[in-house]
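Enquirer: Build me a model:
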Amino acid sequence: MPTKAKSKELTEAVSPLQEKNKTKSFSPFQVHAQCGLDLLTPITSIRRCISNLTRDKFLVKNKEKESMIDGEYNTPNHTWTLVKNN
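Expert: Predicted structure coming up:
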């Protein structure tokens, strides 16, 4: 599958999750688990999709240290929330 098509597919999977949970924050690993994506979809692709949605002002990164959660590999992960005016 071409890269742009795969990126669009990921965006279409992530966007509804955030829209259904407007007040919740999600890490890339939580998005991967809750979107029903193929287990072979790399976490880097999810991160890229979230970065693109952030760049397009659809999501906002929670920068407070308290908003970080433990992710895979015992590393802290930032979380993202839907922008309020969407």
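
Enquirer: Could you give the number of residues near residue 60?
Expert: Other residues within reach of residue 60, judged by other Cβ atoms under 10 Å, total 14. Glycine gets a C-beta too; all of them are placed from N, C-alpha and C.

Enquirer: Next up, phi/psi of it, please.
Expert: Per-residue torsions, residue 60: phi -130, psi 140 (degrees, to the nearest 10).

Enquirer: Distance from stretch 35-43 to the middle of the chain?
Expert: Between the mean C-alpha point of stretch 35-43 and the mean C-alpha point of its chain there is a distance of 12 Å (Cα atoms, centre = their mean, to the nearest Å).

Enquirer: Going forward, count from 24.
Expert: Yep, numbering from 24; the last one is stretch 58-66 now.

Enquirer: In it, which residues are buried?
Expert: By neighbour count, with 16 or more other Cβ atoms under 10 Å as the criterion, the buried positions of stretch 58-66 are 58, 60, 64.

Enquirer: Check stretch 73-80 too.
Expert: Taking 16+ other Cβ under 10 Å as the neighbour-count basis, stretch 73-80 is seen to contain the buried residues 73, 76.

Enquirer: picking up where we left off before, relative to residue 98, which of the buried residues of stretch 58-66 is nearest.
Expert: Distance to residue 98 across these (Cβ to Cβ) is lowest for residue 64, with 19.2 Å.

Enquirer: Could you tell me how far residue 91 is located from residue 101?
Expert: With the distance defined as Cβ to Cβ, to the nearest Å, residue 91 ends up 6 Å from residue 101.

Enquirer: Overlap of the contact sets of these two?
Expert: Common neighbours of residue 91 and residue 101 are listed as residue 85 (criterion: Cβ atoms under 8 Å, 6 or more residues apart in numbering).
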